[in-house]
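Visitor: Provided below for reference: sequence and predicted model.
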Amino acid sequence: MDFTALDLARFQFAFTISAHIIFPAFTIGLASYLAVLEGLWLATGRAIYMSVFRYWIRIFAVVFGMGVVSGLVMSYQFGTNWSVFSDKAGAVIGPLMGYEVLTAFFLEAGFLGVMLFGLNRVGPRLHFMATLMVAIGTLFSAFWILSVNSWMQTPAGHAINDAGQFVPVDWWAIVFNPSFPYRLVHMVLAAYLTTAFVVGAVGAWHLLSDRRDAPARLMMSMALWMATLVAPLQILAGDLHGLNTLEHQPMKIAAMEGHYETRRGAPLILFGWPDNAAETTHYALEIPKAGSLILTHKADGEVKGLKAFPKQDWPNTPLVFWSFRVMVGIGFAMLGLGLWSLLVRWRGDLADVRSLQWGSVLMGPSGFVAVLAGWITTEAGRQPYTVYGLLRTADSVSPIALPAVATSLVAFIVVYFLVFGAGTYYILRLMSRPPDAPVEDLDRDEPIRAAGVTPGPAQHIVEADAPEHRGG
Amino acid sequence: MIDLAFVWALLIAFAVFAYVVLDGFDLGIGILFPWIDSGRERDMAMNSVAPVWDGNETWLVLGGGGLLAVFPLAYAIIMTALYAPVIAMLLGLILRGVAFEFRFKSENNKAVWDAAFFAGSLTAALSQGIMLGALVQGIAVENRAYAGGWFDWLTPFSVMTAIALVIGYALLGACWMIMKTEGELREDAFAFARKLAVGLLIAIGVVSLWTPFLEAQYFVRWLSWPSILFVAPVPILTLIAAWRLIASLAAGREREPFLATLALFLLCYIGLAINLYPTIVPPSVSIWDAAAPESSLVFLLVGALVLVPMILAYTAYAYWVFRGKVDPDGGYH
């Protein structure tokens, strides 16, 4: 099979962004979780919250570092491999990314040092503020980058000049383009769910070996409340997002549903193998009328099929179709685990039910899989365009030679597997250690500010008692 | 009427300079790492920048993202023209960045992450130096796109600027450690700085004498009457900064070497601006050719004017929290 420079540039973008999104999906949720834990610690004074906080901030530090370095690659890859896209769309998406740097990246980076190393230097209240700033920074970042992505999916608020460049006309319309609010909510909830399932799995894992481990029980309980409450919201948000896509990108919906023919009373295809060449979905397992019912909320509503659109504009239908099913399947599994945990709570104690704990452990990585599958659905579904309907991917790529892209692609793959493989190993090792037993409760009349004792920046607050750090 | 492209050129130049000096000392410590005693000294060196490196690197994201936003044509041309060094820089920064966390998480492989910290820092610094040289010597452009070859960036001149930048970063790193550490490490840092200072001054001399012969515009700016009158303060102030650097290192002062090195970086940077202005991709693309439409420039400028002062304020706060010497007995040592 012959690859062109365009194929490899696309694969490189897919690979580097997939590797990257795993980290923000986790840090967005984890930063908020840490802020909640520290807030609860300050409000109640109970040491157990600080114990769980210390446990997760170590992991946060590693994940955040990997998110920063993999994100830096993205901000330069637009230029190296997609220079024509950058020249044409830079005036619209560039300022949005500029705002991401100014409002989010600096905020996160500026306060991260204080959050990781500064508790003893600034005291608990200022430290809490630093944690909050980092958490808010991650949300600002999601806001801007999802605005950029959404504009590429549902462009609005621009004109096109003689040089073929997109020229901003109405910034409000650009930022709040039609798909943005749905995508933002869907992604932030996804990040929260992803984190909840990781935290729940770690808590459950430690409860399996010690059912009296109070911090582990707290982790599992908080995580499963999150799953119970947020999974249904996420399914609702996903449905609304899908209806929005139907309105603005009906061809993508046709691919997600595996519909080639335009029909009234279209079935819901549960499984099958879409085949663009044969223009049909083989082996389709269908529920009659359900497709129309879900998409139009009418049993005989009309649903457009791919054949209603020019064939050269079709996306890779099997990829879109299957990644969508993976995401939806995991969403419902998450809902199921949340409901199961409600039942267990109603009857007794989470710490006693080993099957639920094993279920939580198994579901630990599910959020990452769902996030990747969801992004593959929406991004592969945007093809063959970079700016939907307006700028084709083939017309966006840099004038680069095949060997240059091939070499850099191999270099990225090797370095990413080594570096992020090692990082994943270190994170799993941190997770395999049980949380420390809570020490003493916070005395709220006396802020912990060690006057006269100024531990150096070397002191990871979280690692002051970490054995593997000693004897550096 | 405000010349928005000019205002943005100043802001991007500021972001790039902030990156160069801030990440410069982080990268410099990485470059010096093999010569720092392993164990306690290396921990101290790394911990002197651990709380701030991420913020320092963010200026590079602003430089790149800002260029895309306000000079998209320059971004598109430069990133394609400097493809290999940009990719090498990114990979280097990945290794360097993760080493901060991984080296403390690793039980048996600390030496591996020490090596990654060094190799990543050196690769990033060399790549940036090459990019600087390749930009100054000029980039071939036709029809809004890069029109040169895949190895145009590799010339004797760009190799020279790469060496100069590596030495400069290493000197910044050494001077930072003089300020932030005590004991044996501080003495070692003085020894590094004395050698590196001499090396940097030689490198600045070579690059300065070489540059005017690369482009007619550069020659005219520096070596023709009356232009020479206006640019003369730059070499004169450079000589003063060089003298203060050497003298303060000889006298064993702790802050002045860092400040003198910063002054040298600033003067070289101003010299660079004198060469390039008003081109952004020399020799043919000016800041006005490359500028985004006015609506983009205004939209982001409003935010930048409000946010950049706030960023400077809380960045200063973060530095202030970790002021003074790194405590060698603090933390987990």
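Guide: Nice, I can see it.
Visitor: From here on, just use CA atoms for contacts and neighbour counts.
Guide: Fine.
Visitor: Show the pLDDT at the closest residue to residue A:439 other than its chain neighbours.
Guide: The spatial neighbour of residue A:439 that comes closest, neighbours along the chain excluded (CA to CA, 6 or more residues apart in numbering or on different chains), is residue A:47 at 6.2 Å. Per-residue confidence for residue A:47 comes out at a pLDDT of 89.
Visitor: All the helices of the stretch 101-250 of chain A, residue numbers only.
Guide: Under the criterion DSSP state H, counting those that start in this stretch, the stretch 101-250 of chain A carries helices at the ranges A:106-117, A:119-153, A:171-175, A:180-209, A:214-248, A:250-257.
Visitor: In TSV, list those along with mean pLDDT and mean neighbour count.
Guide: What follows is the helices of the stretch 101-250 of chain A, written out as TSV (pLDDT from 0 to 100; neighbours: other CA atoms under 10 Å in any protein chain shown):
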stretch	mean pLDDT	mean neighbour count
helix A:106-117	88	27
helix A:119-153	92	22
helix A:171-175	94	18
helix A:180-209	95	24
helix A:214-248	92	20
helix A:250-257	91	26
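Visitor: the strands in chain B, which residues?
Guide: B:141-142, B:145-146, B:279-281, B:285-286 (DSSP state E).
Visitor: would you turn those into JSON lines with distance to residue A:199?
Guide: Supplementary listing: the strands of chain B in JSON lines, determined by distance: least, CA to CA, whole Å:
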{"stretch": "strand B:141-142", "distance to residue A:199": "52"}
{"stretch": "strand B:145-146", "distance to residue A:199": "48"}
{"stretch": "strand B:279-281", "distance to residue A:199": "49"}
{"stretch": "strand B:285-286", "distance to residue A:199": "52"}
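Visitor: right, so of those strands, which gets closest to residue B:320?
Guide: Taking CA to CA as the criterion, residue B:320 comes closest to strand B:279-281 out of the strands of chain B, the separation being 35.3 Å.
Visitor: wait, does the closest one contact chain A?
Guide: No: counting by CA under 8 Å from any CA of the partner chain, chain A has no neighbours in strand B:279-281; the shortest distance is 14.1 Å.
Visitor: That strand pairs with which strands?
Guide: Sheet partners assigned to strand B:279-281 using DSSP bridges are listed as strand B:285-286 (antiparallel).
Visitor: who's in contact with the partner strand?
Guide: B:74, B:278-280 (CA atoms under 8 Å, 6 or more residues apart in numbering or on different chains).
Visitor: Run through the strands of chain A in chain order.
Guide: According to DSSP E, the strands that chain A contains are A:158-160, A:166-168, A:263-264, A:268-275, A:280-287, A:302-303, A:385-387, A:391-392.
Visitor: quick one: which of those strands is nearest chain B?
Guide: When the strands of chain A are ranked by proximity to chain B, the top entry is strand A:166-168, at 6.3 Å, counting by CA to the nearest CA.
Visitor: how about that closest one: buried residues?
Guide: Taking 16 or more other CA atoms under 10 Å in any protein chain shown as the neighbour-count basis, strand A:166-168 is seen to contain the buried residues A:166-168.
Visitor: okay, now residue B:10: neighbour count?
Guide: Other residues within reach of residue B:10 by the criterion other CA atoms under 10 Å in any protein chain shown amount to 12.
Visitor: residue contacts, it?
Guide: Not one residue lies near residue B:10 by CA under 8 Å, 6+ apart.
Visitor: what do you get for residue A:206?
Guide: Taking CA under 8 Å, 6+ apart as the criterion, residue A:206 is in contact with A:213, A:216, A:434.
Visitor: Compute the distance between it and residue A:436, please.
Guide: Separation of residue A:206 from residue A:436 (CA to CA, to the nearest Å) stands at 11 Å.
Visitor: ditto for residue B:4
Guide: Applying CA to CA, the value for residue B:4 to residue A:436 is 56 Å.
Visitor: Repeat that for residue B:292.
Guide: Applying CA to CA to residue B:292 and residue A:436 gives a distance of 54 Å.
Visitor: which one of the two has more residues nearby?
Guide: Comparing residue B:292 with residue A:436 by other CA under 10 Å, the one with more neighbours is residue B:292, at 32 against 18.
Visitor: how about residue A:387, what does it touch?
Guide: So residue A:387 contacts A:151-155 (CA under 8 Å, 6+ apart).
Visitor: between those residues, which is nearest residue A:111?
Guide: Here the nearest of the contacts of residue A:387 to residue A:111, counting by CA to CA, is residue A:151; it sits at 29.9 Å.
Visitor: Quick check, pLDDT for the closest residue in space to that closest one that isn't next to it in sequence.
Guide: Setting aside the residues directly before and after it, residue A:151 is nearest to residue A:177 in space (CA to CA, 6+ apart), at 6.0 Å. At residue A:177, the model reports a pLDDT of 94.
Visitor: How about residue A:330?
Guide: In the prediction, the pLDDT value recorded for residue A:330 is 95.
Visitor: Over to residue A:290?
Guide: At residue A:290, the pLDDT value in this model is 85.
Visitor: Tell me, how many residues neighbour it?
Guide: Neighbours around residue A:290, by other CA under 10 Å: 19.
Visitor: pretty sure it is touching residue A:266, no?
Guide: Yes: under the criterion of CA atoms under 8 Å, residue A:290 lies in contact with residue A:266, with a separation of 6.9 Å.
Visitor: so who does the closest residue to residue B:71 other than its chain neighbours touch?
Guide: Sequence neighbours aside, residue B:291 is the residue nearest to residue B:71 in space, at 4.4 Å (criterion: CA to CA, 6+ apart). If a contact means CA under 8 Å, 6+ apart, then residue B:291 has B:5, B:70-73 as its contacts.
Visitor: Show me those residues that map onto helices.
Guide: In helices, judged by DSSP state H, the following of those are found: B:5, B:70, B:72-73.
Visitor: Now the residue in the stretch 51-200 of chain A that chain B sits nearest to: closest residue in space, sequence neighbours ignored.
Guide: Per CA to the nearest CA, residue A:94 is where the stretch 51-200 of chain A lies closest to chain B, at 3.5 Å. Counting by CA to CA, 6+ apart, residue A:94 lies nearest to residue B:69, which is 3.5 Å off, once chain neighbours are set aside.
Visitor: coming back round to it: what's the least confident stretch among the strands of chain B?
Guide: Lowest mean pLDDT within the strands of chain B: strand B:145-146, at a mean of 84.
Visitor: Quick check: neighbours of that one in the sheet, parallel or antiparallel?
Guide: Strand B:145-146 pairs in its sheet with strand B:141-142 (antiparallel), by DSSP bridges.
Visitor: where does chain B dip in pLDDT?
Guide: Low-confidence segments of chain B, defined by pLDDT under 70, are located at B:1, B:328-333.
Visitor: show me where it has helices.
Guide: Secondary structure of chain B, counting by DSSP H: helices at B:4-32, B:40-47, B:53-70, B:72-81, B:83-105, B:110-137, B:156-180, B:183-210, B:216-223, B:227-231, B:233-251, B:256-276, B:287-290, B:294-321.
Visitor: Any chance of those helices in TSV with distance to residue A:90 as columns?
Guide: Shown next, in TSV, are the helices of chain B (distance: least, CA to CA, whole Å):
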stretch	distance to residue A:90
helix B:4-32	15
helix B:40-47	37
helix B:53-70	6
helix B:72-81	5
helix B:83-105	18
helix B:110-137	21
helix B:156-180	28
helix B:183-210	34
helix B:216-223	30
helix B:227-231	35
helix B:233-251	35
helix B:256-276	23
helix B:287-290	11
helix B:294-321	9
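Visitor: show me what contacts the spatially most central residue of chain A?
Guide: With the centre of chain A defined as its mean C-alpha position, the nearest residue by CA atoms, centre = their mean is residue A:25, 3.1 Å away. If a contact means CA under 8 Å, 6+ apart, then residue A:25 has A:190-192, A:194-195, A:368, A:371 as its contacts.
Visitor: and which of these is nearest residue B:297?
Guide: The shortest approach to residue B:297 among the contacts of residue A:25 belongs to residue A:191, at 32.6 Å (CA to CA).
Visitor: What residues does the closest one make contact with?
Guide: A:24-29, A:367.
Visitor: For residue A:29, see how far away the residue nearest to residue A:151 is.
Guide: Residue A:177 sits 25 Å away from residue A:29, going by CA to CA.
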